[in-house]
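K.L.:
here's a sequence, model it:
(2 chains)
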Amino acid sequence: MASHTGLTTPRRPQFWRMVQGSAHRFRRLTSFLIVLALWQILSTWVDDPLSLPDPASVASRLGTLLLDGTLIENARITGVRGLLGLVLGVALGISVALAAARVRLIRAALEPLLILSYPVPRLALYPIAIIILGFGGPSEIALVTIECAFVLFFTTLSAASSIPRDLMWSAINVGVGRIGMLALTARASLPGILAGIRIATPVTLATAVVAELLAATNGLGGLVRQYAVYIQTADMFAVILALGFIGFALDRVTVALTRAAVFWERDVEL
Amino acid sequence: MTRSTAVAVPPRPPAHDPVRTSRVLLDRLVVMGWPIAVLFLVGVLTVVQLAAAVDGRPAYLVGPLEVAQALVRDWAILLDASTVTLARLTAGFAIGAFCGVAVGLVSGALRTVEDLVDPVVSFSYPLPKIALYPIFAVWLGFTDSARVLVVAIVCFYPVYISALSGTRGIDPGLVRVALNAGASRRRAFLSVIVPAAMPRVMVGLQLGLAMGYAALFGAESLGGTSTGLGPRIMLALEGNPFSDVYASFVCFALLGVVTGGLLRFAGHIVTRGQQLTAVGHG
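P.N.:
Presented below is the predicted three-dimensional model:
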């Protein structure tokens, strides 16, 4: 590259980039330390373990809850319900979206309604779901299913609508039948679908926890509710922290899985 | 030029072809879009109404007409409750969205800010923020401040993420053109990056609005208040007549639809002139 701009090329560019990279990572790590420090300062200043427990007590409660199995057991309950809801919702959302992508009538009937109703919280139907399906697992799974279906519907439909026309025309010209076209659409929408699954994963966790919070059932959300009612603030903080870790880990796993599945794409852009 | 001696022949009336006519009509309706949706909605409501007239139906199956009756009968109470809910949402959304856009755009511009803010946000993003409401209730009591705070935090996240992403997903050529024309970095940021980031910001705002409503419903339903639409809907669990519950839900839905539409409209104004739609129709 010519340096007509007058800028000199930096000496040993690899080393400088390494230094910049380390400084960058250091700054990112520092932000957590700053939050931790602020927390410690605030909790010492407030001096009320029922309002703001200090980091040490929260950490110790977290350890206790982990060791005695409470966290793991309730995480399993929430996880199973969430996973079931995710799978059902993904299947529902993808099927409806692919049908809408292939059949214009279906799209014309459903898309405007779903776009309009997007800001309406599906959570508001949760009490009705409880009445119909009863407290606990089934109503929560139903809620998670609907939320994931919405997300997957929009992402899949958007992906299916962005397939290059030439691809579709080539297939038609070669004589691919209706089912083949459907399979082609599904295959070509796969990156968008995986991006949708990546978006749906935190939604699943959040919806499951909220459902458990509202209905005071078991699972991680139920734990938070229970500790809130008995004002066991340190335990509540510990569970919330655990939720954060779980969500973070889930996201990393989902990213790795989707990157592996769509290996031919560089960075999956949301 | 010689006059044509052809005799004007009146056009033949089109052959009556019912299949072709209906197909053309259907095509036109599909292209228009919304009539099919309206028809579909009316069809679904009719089915529900008919099912609700059947004896021995479950109590939660209420016909749309009965819900409409409840709406009309309780309109004053529902208007009151809707105003309260809307006020809480607007306050929370305004605070959260404003902070989200500001912090997101600044993070996009200044690497240091991003390094400070982004890790915490990315880590806490999958955490359901409604779980923080009990903590806020301990600090602030079961007041509107706690509820508005939860809504604000919930709205912040998607707006921040999309604002940050918006500053990234810009064609670098646009920025180079501005810099080449002599714009200062601050001018390039304000005049090029911010407007180019707007489409993604608007998407984030829509997401934030939807999540804000959900969070608000959760906060209203977790107790501590009897005003607003949330508690009215939760009354279903206490044996309240379902028509009241559905009427409150319809009000909630109306709030969501209207505010969502207003936001979309504002988005069209803000991103005026930008080419947004994806090209290519499968």
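K.L.:
in stretch A:48-60, what's buried?
P.N.:
Buried residues in stretch A:48-60, counted by 16 or more other Cβ atoms under 10 Å in any protein chain shown: A:52, A:53, A:54, A:57, A:58. In short, each C-beta sits where N, CA and C put it, glycine included.
K.L.:
restricted to helices, list these.
P.N.:
By the criterion of DSSP state H, membership of the buried residues of stretch A:48-60 in helices covers A:57, A:58.
K.L.:
give me the subset of the buried residues of stretch A:48-60 touching chain B.
P.N.:
residue A:52 (Cβ under 8 Å from any Cβ of the partner chain).
K.L.:
and which of the buried residues of stretch A:48-60 is nearest to chain B?
P.N.:
For the buried residues of stretch A:48-60, the residue nearest chain B by Cβ to the nearest Cβ is residue A:52; the value is 7.9 Å.
K.L.:
contacts only, for the closest one.
P.N.:
Shown in contact with residue A:52 (Cβ atoms under 8 Å, 6 or more residues apart in numbering or on different chains): A:42, A:43, A:46, A:233, B:139.
K.L.:
now, of those, which are buried?
P.N.:
Using 16+ other Cβ under 10 Å, the buried ones in the contacts of residue A:52 are A:43, A:233.
K.L.:
I'd like the contacts of residue A:52 laid out as JSON lines, including pLDDT and distance to residue A:218.
P.N.:
Shown next, in JSON lines, are the contacts of residue A:52 (pLDDT from 0 to 100; distance: Cβ to Cβ, whole Å):
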{"residue": "A:42", "pLDDT": "89", "distance to residue A:218": "32"}
{"residue": "A:43", "pLDDT": "88", "distance to residue A:218": "29"}
{"residue": "A:46", "pLDDT": "84", "distance to residue A:218": "31"}
{"residue": "A:233", "pLDDT": "88", "distance to residue A:218": "20"}
{"residue": "B:139", "pLDDT": "85", "distance to residue A:218": "26"}
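K.L.:
apart from its chain neighbours, what residue comes closest to the closest residue to chain B within chain A?
P.N.:
Proximity of chain A to chain B (Cβ to the nearest Cβ) peaks at residue A:247, 2.5 Å away. In space, and not counting its chain neighbours, residue A:247 is closest to residue B:126: 2.5 Å by Cβ to Cβ, 6 or more residues apart in numbering or on different chains.
K.L.:
touching, the one you found and residue A:206? I think so.
P.N.:
Yes - with contact defined as Cβ atoms under 8 Å, residue B:126 counts as touching residue A:206 (7.3 Å).
K.L.:
which of these two has more neighbours?
P.N.:
residue A:206 (28 against 23; other Cβ atoms under 10 Å in any protein chain shown).
K.L.:
what helix or strand is the more buried one located in?
P.N.:
Element membership for residue A:206, per DSSP states H and E: helix A:190-215.
K.L.:
those residues of the stretch 151-270 of chain A touching chain B, which are they?
P.N.:
Counting by Cβ under 8 Å from any Cβ, the residues of the stretch 151-270 of chain A close to chain B are A:158, A:160-165, A:167-168, A:185, A:188, A:201-202, A:205-207, A:209-210, A:213-214, A:221, A:224-225, A:228, A:231, A:233, A:236-237, A:240, A:243-244, A:246-248, A:250-251, A:269-270.
K.L.:
and these, which are buried?
P.N.:
Using 16+ other Cβ under 10 Å, the buried members of these are A:158, A:160-163, A:168, A:185, A:188, A:201-202, A:205-207, A:209-210, A:213-214, A:221, A:224-225, A:228, A:233, A:236-237, A:240, A:243-244, A:246-248, A:250-251.
K.L.:
so what's the gap between stretch B:180-193 and the chain middle?
P.N.:
32 Å (Cα atoms, centre = their mean, to the nearest Å).
K.L.:
rewinding a little: and the strand or helix carrying the residue of chain A closest to chain B, what other elements does it pack with?
P.N.:
Taking DSSP H and E as the definition, one finds residue A:247 inside helix A:233-261. Helix A:233-261 sits against helix A:55-67, helix A:70-102, helix A:190-215, helix A:219-229, helix B:111-124, helix B:133-140, with contacts defined as 3 or more Cβ pairs under 8 Å, 6 or more residues apart in numbering or on different chains; DSSP states H and E.
K.L.:
just list the residues touching residue 243, thanks.
P.N.:
If you meant another chain, say so; for now it's chain A. A:205, A:209, A:220, A:224, B:127, B:128, B:131.
K.L.:
that was the other one, I meant chain B.
P.N.:
Residues in contact with residue B:243 (Cβ under 8 Å, 6+ apart) are B:62, B:66, B:67, B:69, B:70.
K.L.:
nearest to chain A among those?
P.N.:
Nearest member of the contacts of residue B:243 to chain A, counting by Cβ to the nearest Cβ, is residue B:62, at 10.2 Å.
K.L.:
run a quick neighbour tally on the closest one.
P.N.:
Residues within reach of residue B:62, counting by other Cβ under 10 Å, total 21.
K.L.:
nearest to chain A: which residue in the stretch 51-200 of chain B?
P.N.:
residue B:126 (2.5 Å).
K.L.:
state the three-state secondary structure for that residue.
P.N.:
Secondary structure for residue B:126, judged by DSSP: H, G, I helix; E, B strand; the rest coil, is coil.
K.L.:
sweet, I'm off.
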